[in-house]
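Trainee: Sharing a model that was predicted from the sequence below.
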Amino acid sequence: MLKLLVMMLVSSAVYASDLPNKKYLDLNTIKIMVAAAEAKAKDLNVSVTICVVDESGNLLFLEKGETASLNTIQFAQKKARHAAFYGSPSKDGADAIKKGNVEVLAFPEFFPNQGGLPVKIDGQTLGGISASGAKSEIDEQVAQAGLDALTKK
C-alpha cells in the first residue's frame, strides 16, 4: 500500500519546468516605457504625471511632472488601473458613458477618462500605462509613446 502511495505521489509531482511561464513588467521595461513617454511629453511641451501598474492594478511607477497639478496623481493611477483591469484604453470607459451606459460607473476600477492604455505582449495584458495633466487626447499620445517604445526594444 505504501509503495502504491509513493508511486502515485511521484507520478503526480509538478516540476518547475512544467509550470507556465508568466510575463511581467520588469524594471528595465518600465524604464524604457517611461523614458519614451517623458520624451513625448517634452516634445509636446506638456507637464504630466506618468503611471505604470501591473495587471492587478498595483502601482509600479509614478512620476508627477514638475508643474502638473496634484490631482493628476490620482487621475493617472485610475486611468492606468482601468486599462490594466479591462485590457482596453480608458477612453473606452469615456465612450461608454457618452453612449448613456452609466451602469459601468459601478464597475470596479472603472474610470471614464482618456489617457490610460493596456500594456499587452503576445495578447497577454501585463499592466497599464497612463498620463494625466494635459488634454485627454494628448495624455493618450504620451502613454502611446511608452507602448511604442516596447516594439522598438
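Mentor: Arrived safely, thanks for sending.
Trainee: what's the burial count for residue 54?
Mentor: For residue 54, the neighbour count with other Cβ atoms under 10 Å is 19. The C-beta positions use only the backbone N, C-alpha and C, and glycine is treated the same way.
Trainee: same thing with residue 61?
Mentor: 17.
Trainee: which residue packs closest to it, ignoring adjacent ones?
Mentor: residue 52 (4.1 Å; Cβ to Cβ, 6 or more residues apart in numbering).
Trainee: element containing the one you found?
Mentor: Assigned by DSSP states H and E, residue 52 belongs to strand 49-54.
Trainee: Check which helices and strands the next helix or strand after that strand sits against.
Mentor: Using DSSP H and E, the next helix or strand after strand 49-54 towards the C-terminus is strand 59-63. Under the contact criterion of 3 or more Cβ pairs under 8 Å, 6 or more residues apart in numbering; DSSP states H and E, strand 59-63 touches helix 27-43, strand 49-54, helix 71-86.
Trainee: Of these, which is nearest residue 130?
Mentor: For the helices and strands packed on strand 59-63, proximity to residue 130 was assessed by Cβ to Cβ; helix 71-86 is nearest, at 3.7 Å.
Trainee: the bottom helix or strand of this structure by mean pLDDT?
Mentor: When the helices and strands of the chain are compared on mean pLDDT, DSSP states H and E, helix 2-11 comes out lowest with a mean of 60.
Trainee: quick revisit: now tell me what touches the strand holding residue 52 from outside.
Mentor: Strand 49-54 has contacts (Cβ atoms under 8 Å, 6 or more residues apart in numbering) with 24-25, 30, 33-34, 37-38, 41, 59-65, 68, 72-73, 75-77, 79-81, 84, 119, 126-133, 142-143, 146.
Trainee: Check the protein for its longest strand and report it.
Mentor: strand 124-132 (DSSP state E).
Trainee: Give me the mean pLDDT for that one.
Mentor: For strand 124-132, the per-residue pLDDT values average out at 97.
Trainee: which stretches of the chain have low pLDDT?
Mentor: Counting by pLDDT under 70, the chain shows low-confidence ranges at 1-14, 16, 153.
Trainee: and the most centrally placed residue in the chain, what is it in contact with?
Mentor: Nearest to the mean C-alpha position of the chain, by Cα atoms, centre = their mean, lies residue 128 at 0.7 Å. For residue 128, the contact set (Cβ under 8 Å, 6+ apart) comprises 51-53, 57, 79-85, 116-119.
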